[in-house]
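In: Structure for this input, please:
(chains A and B)
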Amino acid sequence: MTPGQIALRALIVGFIVSFAIITGFAYTTLLERKVLARLQHRIGPNRAGYIPLPRRGGGPERKLLAGFLQPAADAVKLFFKEDMTPGKVDRITYTLAPMITVIPAIVLLAVIPWAGEINIFGAEFTPYFAIAPGLNVAVLFLLAITSISVYGVVLAGWASNSKYAILGGIRASAQMISYELALGLTVLIPIMLADSMNLGDIVAAQASGWFVFRQPIAAIVFFIGMMAELQRAPFDLLEAEQELSAGFNVEYSGMRFGMFFMAEYMKMIIFSAIIAVLFFGGYRGPFVDQWPGLGFLYMILKIVFFLFMMIWIRASFPRFRYDQLMGLGWKRLLPISVFNFIFTAVMIVLYEEGIFDSLLKLIGLG
Amino acid sequence: MGSGPVIILFILMALVSITAAVMMLRSHNAVHSALWLVLNFTAIAVLYVLLNAPFIAMVQITVYAGAIMVLFLFVIMLLGAEQLQAMTGVEGNERYHRAVAIVLVVLLVGGFGYLVTLGGIGSGGETAVIDASPVALGLRLFEGYVLPFEVTGVLLLAAIIGVAVFTRRKKKEA
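Out: Numbers count the residues shown, from 1 in each chain, chains lettered A, B, ... in the order given. Sure thing, here's the model as predicted:
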């Protein structure tokens, strides 16, 4: 393939994936509101958009998919709201902050493999369906972009020139730095098991078994760290309503507030995809070798599963106190991931040197 | 150097990084300075990618643009030090500062000029594609650079222990 063809392919795939993720974001908000409502014994949004069904006898009105246009209604509302800029903000940074929050969330998409080998147009260099397939530092790319995305929240807090907002921003930076360590150490484990930093290779290495079965501790630590990185409940201290009114985004309104909202939900989807790729076999599932198109389905099912888990956890657990948050990050997750990392490394070397085989022979089992 | 697009991208990123560096020095607000520095680091990371070193580029973004600058911002915000006037009260030494600055500029430009013209750096054609697989990197690091690697480790350990000692609460004398 010539560079031009590669660029064209990346554009087309990027277009498809970006549109899918924006639709996905809209419906994740609906999913969250519906699931939260059900868990709290409510009905949730059911007014905007439904398919009327015929009444059965003299029974009540029946609706199908009640509320499926709610995301559209929300978007229209956000666009038509007044977009205010308070008087004493740092104007440039205040404008930049929502953009810096959304852009990394979209950039993260570039390396995620959505399916196996699918020939869109005669491409022999497409080991899997991604915007930038075969990037050999893909895992590091994810870490790099994640570490950049802290800035949006921190700058929004600082630029707003408000006590609540800056407290939210400072909490955000401390929290994300603390949990990035455990997250980074845990990401090393799939790299070691697959012997590659290429996400496609990591998925391919899970053909014989998902990494979650070989490394359940790493998967759990990654899931917790991921929720802290996403600032999902119970780690949502930076927007603790009772203490900080709304935290870092308290001075934002209209679509600029919408952009923070959008970044949060898009990152939820993308991190669900990342944990699926790193530990849960990515696009792999039954019959995926015969029909590569099934990869999309498995990927979406896995993403929806993790989204549901996060919403479930939000409904079930109270928010951490600040010291509990730091204690969990530094005194529990970090040592666990360090020991897990060392243990895995030693085990891999012992296995590859054939120590286990000779041990088995020694006791007469081999 | 490589093909046309690479040169265009190189010139663009060079301009961005130089502008960001100058603006970092010139801006009066510490937070703005920090942000210009982040832009500078990111532009330099793109230059690493152009030199076929994606691993270094990603590490540059993660460590410098990500972790270190976030800590800088954190400290600036925590101290409320955005608007501190730099170096007030040392105006008497301005002449001395200027002399040092000029010497440094001469050294930098002279050294760089020597390397490019006589030292032969920059004239070597294509840079080799660097194998960024973890195995290749690990072997390279531990076969060629064991001593620097170990020294860096000890240095970092010393810093960690130092922090632990400084932050430890002194026991109250009863």
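
In: Which residue is the nearest non-sequential neighbour of the closest residue to chain B within chain A?
Out: For chain A, the residue closest to chain B is A:Ser147, as judged by Cβ to the nearest Cβ, at 2.6 Å. Using the backbone N, CA and C atoms, a C-beta is placed for each residue, glycine as well. Across the structure, with Cβ to Cβ, 6 or more residues apart in numbering or on different chains as the measure, the residue nearest A:Ser147 apart from its sequence neighbours is B:Gly66 (2.6 Å).

In: if you average pLDDT over the helix or strand hosting A:Tyr164, what comes out?
Out: In the assignment (DSSP states H and E), A:Tyr164 maps to helix A:163-194. Helix A:163-194 shows an average pLDDT of 84 in the prediction.

In: Repeat that for stretch A:211-219.
Out: Mean per-residue pLDDT for stretch A:211-219: 85.

In: wait, does it contact chain B?
Out: No. In terms of Cβ under 8 Å from any Cβ of the partner chain, no part of stretch A:211-219 sits within range of chain B; the closest distance is 15.7 Å.

In: tilt between the helix or strand of chain B with the lowest mean pLDDT and helix A:163-194?
Out: Between all helices and strands in chain B, the lowest mean by mean pLDDT, DSSP states H and E belongs to helix B:134-144, at a mean of 78. An angle of 90 degrees separates the directions of helix B:134-144 and helix A:163-194 when computed by axes from the mean of the first three to the mean of the last three Cα atoms, to 10 degrees.

In: With just CA atoms, put helix B:134-144 into PDB.
Out: Below are the C-alpha coordinates for helix B:134-144, written out as PDB (Å, rounded to 0.1, in the frame of the first residue of the first chain):
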ATOM      1  CA  PRO B 134       9.700  -4.600  24.200                       C
ATOM      2  CA  VAL B 135      12.200  -7.500  23.700                       C
ATOM      3  CA  ALA B 136      14.500  -5.400  21.400                       C
ATOM      4  CA  LEU B 137      14.300  -2.400  23.700                       C
ATOM      5  CA  GLY B 138      15.000  -4.500  26.800                       C
ATOM      6  CA  LEU B 139      18.000  -6.100  25.200                       C
ATOM      7  CA  ARG B 140      19.300  -2.800  24.000                       C
ATOM      8  CA  LEU B 141      18.900  -1.200  27.400                       C
ATOM      9  CA  PHE B 142      20.500  -4.100  29.400                       C
ATOM     10  CA  GLU B 143      23.200  -5.100  27.000                       C
ATOM     11  CA  GLY B 144      24.500  -1.700  26.100                       C
END
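
In: Name the next helix or strand downstream of that helix, please.
Out: Downstream of helix B:134-144, the next assigned helix or strand under DSSP H and E is helix B:146-167.

In: quick one: A:Ala26 from A:Ala194, how far?
Out: In this view, A:Ala26 and A:Ala194 are 34 Å apart by Cβ to Cβ, to the nearest Å.

In: A helix includes the residue nearest to A:Ser147, no?
Out: Yes. Remark: B:Gly66 belongs to a helix, assigned using DSSP: H, G, I helix; E, B strand; the rest coil.

In: That one contacts A:Ala144, correct?
Out: Yes. Between B:Gly66 and A:Ala144 a contact is recorded at 6.5 Å, counting by Cβ atoms under 8 Å.

In: Can you list the helices and strands that whichever strand or helix holds B:Arg98 packs against?
Out: When elements are defined using DSSP H and E, B:Arg98 is found to belong to helix B:94-117. In terms of contact count using 3 or more Cβ pairs under 8 Å, 6 or more residues apart in numbering or on different chains; DSSP states H and E, helix B:94-117 is assigned no packing partners among helices or strands.

In: Tell me the residues of chain A that contact chain B?
Out: A:90, A:93, A:135-137, A:140-141, A:143-148, A:150-151, A:154-155, A:157-158, A:166, A:169-170, A:173-174, A:176-177, A:180, A:191-192, A:195-197.

In: try 7 Å
Out: For chain A, the residues in contact with chain B under the definition Cβ under 7 Å from any Cβ of the partner chain are A:136-137, A:140-141, A:143-144, A:147-148, A:150, A:154, A:158, A:166, A:169-170, A:173-174, A:177, A:191, A:195-197.

In: which of these are buried?
Out: Buried residues within those, counting neighbours by 16 or more other Cβ atoms under 10 Å in any protein chain shown: A:136-137, A:140-141, A:143-144, A:147-148, A:150, A:154, A:158, A:166, A:169-170, A:173-174, A:177, A:191, A:196-197.

In: where does chain B have low pLDDT?
Out: Within chain B, the stretches falling below the threshold (pLDDT under 70) are B:1-3, B:81-93, B:119-134, B:170-174.

In: could you redo the last one with a cut-off of 90?
Out: Within chain B, the segments meeting pLDDT under 90 span B:1-11, B:13, B:23-35, B:46-101, B:108-149, B:160, B:163-174.

In: Show me what from it comes close to chain A.
Out: Neighbours of chain A within chain B, by Cβ under 7 Å from any Cβ: B:31, B:54-55, B:58-59, B:61-62, B:65-67, B:70-71, B:73-74, B:77-78, B:132-135.

In: Among these, the buried ones, what's the PyMOL command?
Out: Entered in PyMOL, the line below selects the buried ones among the residues of chain B next to chain A, by 16+ other Cβ under 10 Å:
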select buried, chain B and resi 31+54+55+58+59+61+62+65+66+67+70+73+74+77+132+133+134
